[in-house]
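Engineer: this one's structure only:
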């Protein structure tokens, strides 16, 4: 029996959609998208973002799933199976990207566990406002940072080691429905707030005079990154998709679900902002701080001082954050584990142990680079002084976590996506792609033509623009 025949598969359409949506729906949907939408004045930015999802994000997602299902292999061996082993470097880029992202993402995701416990304590015992330096002291507590990151990484490994049907699919069938229920509850709560009407007007009333080149580029960048593209995740998840499923149909469903969740998160956040005058004034004058500060410092205070029902909303919100993060870390680890299993014929247990141990090693550096270690907090790969290659590669950012974040978001992800579009558009035989997409059957001829044009011309040009702006000093991290 061939490896493809023995390979696990999603139980059906729903299993893949929930797993792939979980991969796409992460902390970026809950904190980054609302933040950049606010900075870019709402309505027009949202419309540009939706256009970028349709024209760039969706075609690239279809391309990655196509490669995975065609070969029934993960990111690295998939290119070998297609008879183009020289392109396997694209898969290895995805594996390296997964390792580096998970190293710092697990640390940040661990903060949601701390915030949940903190909110539960406040809900039971009463709210005590932390001091202004409390969060900085928390970041500098190396033991806590390593422990929380390790806990989140261990939760991820426990799910991944159990495989597709018994682990990832079963977990996402719990995580995603609960995530959606919590979001619906928070959305209905937002509808009762005084600022709900203003939030809807801000979000859906476009004014194109308020968006410029920078806003368009940011919408393009986020549309690409939010769907977990360029890191091999959709190739890997696609390798478990049954042949009877429509790749275009399931890709469209995932893109829509991811987008709806991001917009609902905006409705929730903006309703809070427009309800609390002091917060709105702060945000309008550019004093909102960072996305991290808003999520882990500003919001907990608002839940308990300005929000009706905050004692319930606070803990629930951080369950939502934790679940969104966990559904993403699962896919990141699966990229690495599936490659070790497919490429080296390792058992899933061995592959998960080696991958998790390697990622944990790098995560320690990230955890200690937030203030616990002076060396790691000031780390620059090309010497201690700013400028030179430090400026070109990482915009002079210091610290292991900041380096990993910048290099993956600005270099590895867009380059991975660019190579995927070039490969599918110009190297992969048209007949193979047409057969896999079932053109004339589940995929109409016009959709094939539109996808082919997008993946050959529009997507490479758009992603190339991102890379060009990064070279000029742009930052998408």
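Structural biologist: Sure, I can see it. No experiment lies behind these values; they were computed from the predicted model shown.
Engineer: list the contacts of residue 220.
Structural biologist: Contact criterion C-beta atoms under 8 Å, 6 or more residues apart in numbering gives 48, 52, 56, 462, 465, 466 as the residues in contact with residue 220. Where C-beta positions appear, they are placed from N, C-alpha and C, glycine not excepted.
Engineer: quickly find the element holding the fourth one.
Structural biologist: When elements are defined using DSSP states H and E, residue 462 is found to belong to helix 459-471.
Engineer: do the first one as well
Structural biologist: Element membership for residue 48 (DSSP H and E) is helix 43-52.
Engineer: that helix vs helix 459-471, what angle?
Structural biologist: When axes from the mean of the first three to the mean of the last three C-alpha atoms, to 10 degrees is applied, the directions of helix 43-52 and helix 459-471 differ by 130 degrees.
Engineer: show me what helix 43-52 is packed up against.
Structural biologist: Contacts of helix 43-52 with other secondary structure elements, assessed using 3 or more C-beta pairs under 8 Å, 6 or more residues apart in numbering; DSSP states H and E, are made with helix 33-39, helix 196-204, helix 213-225, helix 247-275.
Engineer: so which of those is nearest residue 403?
Structural biologist: For those, the distance to residue 403 is smallest for helix 213-225, at 17.6 Å, taking C-beta to C-beta.
Engineer: wait, residue 399 sits on residue 377?
Structural biologist: Yes. In terms of C-beta atoms under 8 Å, residue 399 counts as a neighbour of residue 377; the distance is 5.1 Å.
Engineer: list the contacts for residue 141?
Structural biologist: The contact partners of residue 141, taken as C-beta under 8 Å, 6+ apart, are residue 372.
Engineer: and the longest helix seen in the chain, which residues are buried?
Structural biologist: Taking DSSP state H as the criterion, the chain has its longest helix at helix 88-125. When neighbours are counted by 16 or more other C-beta atoms under 10 Å, the buried residues of helix 88-125 are found to be 88, 90-116, 118-119, 122-123.
Engineer: do stretch 187-195 as well
Structural biologist: Counting neighbours by 16+ other C-beta under 10 Å, the buried set in stretch 187-195 is 189, 190, 193, 195.
Engineer: likewise for stretch 133-140?
Structural biologist: For stretch 133-140, a neighbour-count test (16+ other C-beta under 10 Å) marks 135, 138, 139, 140 as buried.
Engineer: also stretch 74-84?
Structural biologist: Neighbour count says stretch 74-84 has 74, 75, 76, 77, 78, 79, 80, 81, 82 buried, by 16+ other C-beta under 10 Å.
Engineer: so where's the stretch 351-477 of the chain shaky on pLDDT?
Structural biologist: Along the stretch 351-477 of the chain, no part satisfies pLDDT under 70.
Engineer: now the helices for it?
Structural biologist: Taking DSSP state H, counting those that start in this stretch as the criterion, the stretch 351-477 of the chain contains helices spanning 374-377, 389-394, 400-407, 413-422, 430-436, 445-453, 459-471.
Engineer: between the ones you listed, which one is closest to residue 335.
Structural biologist: When the helices of the stretch 351-477 of the chain are compared by C-beta to C-beta, helix 413-422 sits nearest residue 335, at 11.1 Å.
Engineer: neighbouring contacts of that closest one?
Structural biologist: Among residues not part of helix 413-422, those counted as contacts by C-beta under 8 Å, 6+ apart are 59-60, 63-64, 67, 87, 90, 93-94, 97, 221, 224-225, 229-232, 455-456, 459-460, 463-464, 466-467, 470, 476.
Engineer: just the buried subset of these, please.
Structural biologist: For these, burial is judged from neighbour counts taken by 16+ other C-beta under 10 Å, and it is met by 59-60, 63-64, 67, 87, 90, 93-94, 97, 221, 224-225, 229-232, 455-456, 459-460, 463, 466-467, 470, 476.
Engineer: make sure residue 195 is actually in contact with residue 274.
Structural biologist: Yes. The pair residue 195 and residue 274 qualifies as a contact (C-beta under 8 Å) at a distance of 2.8 Å.
Engineer: give me the common contacts of those two.
Structural biologist: Shared between the contact lists of residue 195 and residue 274 (criterion: C-beta under 8 Å, 6+ apart) are residues residue 280.
Engineer: if anything else comes up later, I'll come back, but that's it for now.
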